[in-house]
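*Asks:* I would like the atomic coordinates for the input below:
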Amino acid sequence: MSYQQNINTGLDRAYAAAAVLPIDVRSLRLVILSDLHRGAGDDADDFRACQESYRVALRHYQAAEYILAVLGDVEDLWECRPSEVIAEYAASLQAEKPFLDVGRYWRFLGNHDEDWHVQTEVHRYLEPLLGRVGILEALRLEVMDRNKRLGEVFLVHGHQGTAWGDRYGWLSHWAVHYLWRPIQRLTNLRRTTPATDWRLGRKHEFAQYNWAVAKPGVIVVTGHTHHPVFPSPARYEQLAATYDDLRHQPEAYESEVLERIEADLAFAWSQEQPCYLNSGCCSFSDGSLTAIEIAAGAIRLVRWRMAGTRPQHQVLASARLKRLLADVAAPGLPAAAAP
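*Replies:* I've put the predicted structure just below:
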């Protein structure tokens, strides 16, 4: 099968098996964070630089009574043993516990934390810190405005259908854990994945967009690629302004950077329906993290970025959720072609 067909098959399976939860657009307060990749605290640990931003962000969302959705790849269990991660990040895990205690905590499976498929492992490692926690693969939020159905927001990590992340996950887990991790410790190299190779990432995002655009009335929100995506004119204008700034600064000119922004612009331009969003990640090397927020009827792409010694909240793009759902209610458009 083609790459697109494999992604379609994986997402179709997750969508069909997902629970459906009715939610009211007026009262929903939800933050979606993904791809922490909590490790063992060493040089191979991608979360280490972001733990302060994550702590401050969670304190903010707890005080504002948000639901916390942690959308997969929370622990990096391809590279680390669960005991290593729990020992290093017990405090970070316990910062999530207040959400679970009041019934506002959704935890999802990613390809890197696949140990949590096994309930005995969840019971052994997560529950002593969090309490009784259920692990979801996907969830369908049926968005209502009083008694009127507006559409669906489909939450899923986004690795479904990929060869190494889904179909051959058991083999990739073994290879990373026993072969790649020692090499990474010595060299600090990174693997070539949709999260580390922007070309693979954009190919994967086009495939997920094409799946979503064929499902009228559905907005899919994923992680996995570590690349925040929010289809809005404001976001397109931000990318265009960054591109223009770089193009007119010969001292800052890097063809690889410009090529990546050109691909991002092409993807943003091709999204004729706002049916695909990506929360980005909580493992940026500068200590920042990105998230998708839904509150007061709005949906936003935000960043928590270090400003001096304290992370600051910044809205990157925003839209009314009702408007986006109305825009995706039409029959599916032709698939987009990857650049």
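*Asks:* spatially central residue in the protein, please.
*Replies:* Geometric centre of the chain, nearest residue: Gly223, 2.1 Å, by C-alpha atoms, centre = their mean.
*Asks:* distance of Phe47 from His112?
*Replies:* Per C-beta to C-beta, to the nearest Å, Phe47 is found 11 Å from His112. (C-beta placed from N, C-alpha, C; glycine too.)
*Asks:* which neighbours do these two have in common?
*Replies:* Residues within reach of Phe47 and of His112 at once, by C-beta atoms under 8 Å, 6 or more residues apart in numbering, are 37, 76.
*Asks:* more neighbours, those two?
*Replies:* Neighbours were counted for Phe47 and for His112 using other C-beta atoms under 10 Å; His112 has more, 30 against 24.
*Asks:* assumed the more buried one was part of a helix.
*Replies:* No. Under the criterion used here (DSSP: H, G, I helix; E, B strand; the rest coil), His112 is coil, not part of a helix.
*Asks:* was I right about it contacting Trp78?
*Replies:* Yes. The criterion here is C-beta atoms under 8 Å, and His112 meets it with Trp78 at 5.0 Å.
*Asks:* checking Leu77 next. Helix, strand or coil?
*Replies:* Recorded secondary structure, Leu77: coil (three-state DSSP).
*Asks:* burial measure for it, as a count.
*Replies:* There are 26 residues near Leu77, going by other C-beta under 10 Å.
*Asks:* what's the answer for the one 10 residues further on, then?
*Replies:* Applying other C-beta under 10 Å, we find 11 other residues in the vicinity of Ala87.
*Asks:* quick check: it vs Leu258, distance?
*Replies:* From Ala87 to Leu258 the distance is 43 Å (C-beta to C-beta).
*Asks:* ditto for Leu321
*Replies:* With C-beta to C-beta as the criterion, Leu321 and Leu258 are 33 Å apart.
*Asks:* give me the more crowded residue out of the two.
*Replies:* Neighbour totals were compared for Leu321 and Leu258, and Leu321 leads with 22 against 15 (other C-beta under 10 Å).
*Asks:* how close does that one sit to Arg235?
*Replies:* Counting by C-beta to C-beta - Leu321 and Arg235 are separated by 16 Å.
*Asks:* likewise Asp35?
*Replies:* Asp35 is 19 Å from Arg235, by C-beta to C-beta.
*Asks:* please say which of those two ends up with more neighbours.
*Replies:* Neighbour count, other C-beta under 10 Å: between Asp35 and Arg235, Asp35 has more, with 30 against 20.
*Asks:* does that one touch His227 like I think?
*Replies:* No. Using C-beta under 8 Å, Asp35 makes no contact with His227, being 10.0 Å away.
*Asks:* restricting to C-alpha, output stretch 58-76 in PDB.
*Replies:* C-alpha atoms of stretch 58-76 as PDB (Å, rounded to 0.1, in the frame of the first residue of the first chain):
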ATOM      1  CA  LEU A  58       0.400  23.100  34.300                       C
ATOM      2  CA  ARG A  59       0.000  25.400  37.300                       C
ATOM      3  CA  HIS A  60      -1.800  28.000  35.100                       C
ATOM      4  CA  TYR A  61      -4.100  25.400  33.600                       C
ATOM      5  CA  GLN A  62      -4.900  23.800  36.900                       C
ATOM      6  CA  ALA A  63      -5.900  27.200  38.400                       C
ATOM      7  CA  ALA A  64      -8.100  27.900  35.400                       C
ATOM      8  CA  GLU A  65      -9.800  24.500  35.600                       C
ATOM      9  CA  TYR A  66      -8.800  23.200  32.300                       C
ATOM     10  CA  ILE A  67      -8.900  19.500  31.200                       C
ATOM     11  CA  LEU A  68      -5.400  18.300  30.600                       C
ATOM     12  CA  ALA A  69      -5.000  16.100  27.500                       C
ATOM     13  CA  VAL A  70      -1.500  14.700  27.200                       C
ATOM     14  CA  LEU A  71      -1.500  13.500  23.700                       C
ATOM     15  CA  GLY A  72       1.200  10.800  23.600                       C
ATOM     16  CA  ASP A  73       5.000  10.300  23.700                       C
ATOM     17  CA  VAL A  74       4.800  11.500  27.300                       C
ATOM     18  CA  GLU A  75       7.600   9.200  28.400                       C
ATOM     19  CA  ASP A  76      10.300   8.100  26.000                       C
END
